[in-house]
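okay, predicted coordinates and the sequence, questions at the end:
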Amino acid sequence: MNTLETLYFPDTALLSDRQLPLFLFFSRVNIVQLLEKQDAPSGRLQDTFMDSAFCQGHTPHPLAGDKERFLYLINDIKNRKDDYAAQLSHITLASLSEKKTNENESRGQILSSLLGRQSDKNDQERINSLWQARLVLAIAEILDGEEEDVACELAFLEDSEADIFNSLKGSDEDTEIAALQHDLGRVTAKLNRPRFESVQKRLRAWFHFTQNSVLPSVPVWSTSREEVADILFENHEKKLSRLPEHIADILLPARLDPAGSDILQEIESFMHAGRQALEYFYSIIQGSQELSQKQYLDTQTEWEKLLDSRYPAAQTGRKPAAFYRFDEPLP
């Protein structure tokens, strides 16, 4: 069977069951990691896939002797959550997005002090900027973990709300109940919507962190963040006066449950069952086969039937995945 790999960005860790559907479509998901594999934070979801053939981690700039200092800073941010953590977050985010100023020089000196090193100016600026990018991405990982915990709590609350609302049906307070449902929906949507500015800084940090490094040569880069796609589309249109070419759309489960059965075996079985549809989609995405509208629609139908048989929409939900061709490398 032909295979198709992807590079997943700007996330630097696997923390959510909403990331896992990518593994149903790609033969391997490559991801940039902030630490060398043996030093990466442990987690069941991350370990399960990083230790398999389905996922490959890449560390553009291994920390080597500086890893203890980096881990100390990250643990301090996680555990203290006080003004120091907020100031460090401000330092790292601001340094990537502002032009050189006296204030920036002061921030660089603060970071140099934190890192406990002195060197010539140019080398120090390069080291500092790389650390800043790594810290921005690390802070983003921390926030992702916290948001994932919130998302799990919200899912539990939504189930509880459904039970409450169902028990109140038929009462004289239908209008009040509808208003409450509307308010809860707005709160949930607001919690799940990341700030555009934060996503922009994270994306900038990711590209800075991977600059001048050897990334896996794959034909497809993927993201689960619509804000990232918006930024890249806007950049493409600004440079070339047109949007990227739309290639194809497929449906994927919105989430997969990593608990219970052997999820790696489950994914392998699914890809084997869907190999004909996958090979067709691969050929369309890579431009090696001319698009026939009938065959394309027929293959989509077959794919969706397979999804329904293995991952019913009532249990796993559905999310569209869209593929676009960019006219130049994303960086």
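Done, it's in.

now do the end-to-end distance for stretch 59-69.
Terminal residues of stretch 59-69 lie 17 Å apart, using Cα to Cα, to the nearest Å.

now do the buried residues in that stretch.
59-61, 63, 66 (16 or more other Cβ atoms under 10 Å). In this view, the C-beta of every residue, glycine as well, is placed from N, C-alpha and C.

next one: stretch 130-148
131-141, 144-145.

would you turn these into CSV with pLDDT and secondary structure?
Listed next are those as CSV, based on pLDDT from 0 to 100; DSSP: H, G, I helix; E, B strand; the rest coil:
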residue, pLDDT, secondary structure
131, 86, helix
132, 87, helix
133, 91, helix
134, 91, helix
135, 89, helix
136, 89, helix
137, 92, helix
138, 90, helix
139, 88, helix
140, 88, helix
141, 87, helix
144, 83, helix
145, 79, helix
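
how much space between residue 291 and residue 297?
Note on residue 291: its distance to residue 297, by Cβ to Cβ, to the nearest Å, is 11 Å.

one more: residue 56?
For residue 56 relative to residue 297 (Cβ to Cβ), the value is 34 Å.

those two: who's more crowded?
Taking residue 56 and residue 297 together and counting by other Cβ atoms under 10 Å, residue 56 has the greater number of neighbours (17 against 10).

who does the more buried one bridge with?
Per DSSP bridges, the residues bridged to residue 56 are residue 30.

give me every residue that touches it.
Neighbour list for residue 56: 28-31, 216 [criterion: Cβ atoms under 8 Å, 6 or more residues apart in numbering].

among these, which ones are buried?
For the contacts of residue 56, buried by 16+ other Cβ under 10 Å: 28-31.

any chance of those in TSV, plus distance to residue 280?
Formatted as TSV, the buried ones among the contacts of residue 56 follow (distance: Cβ to Cβ, whole Å):
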residue	distance to residue 280
28	19
29	20
30	23
31	26
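
would you turn those into TSV with pLDDT and distance to residue 11?
Supplementary listing: these in TSV, determined by pLDDT from 0 to 100; distance: Cβ to Cβ, whole Å:
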residue	pLDDT	distance to residue 11
28	95	16
29	96	11
30	96	12
31	95	7
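
out of those residues, who's nearest residue 272?
For these, the minimum distance to residue 272 (Cβ to Cβ) is 15.5 Å, reached by residue 28.

so who does the closest one touch?
So residue 28 contacts 3, 5-6, 53-56 (Cβ under 8 Å, 6+ apart).

confirm that residue 251 sits in a helix.
No: in this structure, residue 251 is strand, not part of a helix, as judged by DSSP: H, G, I helix; E, B strand; the rest coil.

count the residues that sit near it.
16.

identify the bridge partners of it.
With DSSP bridges as the criterion, residue 251 is bridged to residue 320.

wait, it sits on residue 317?
No: counting by Cβ atoms under 8 Å, residue 251 does not reach residue 317; the two are 10.2 Å apart.
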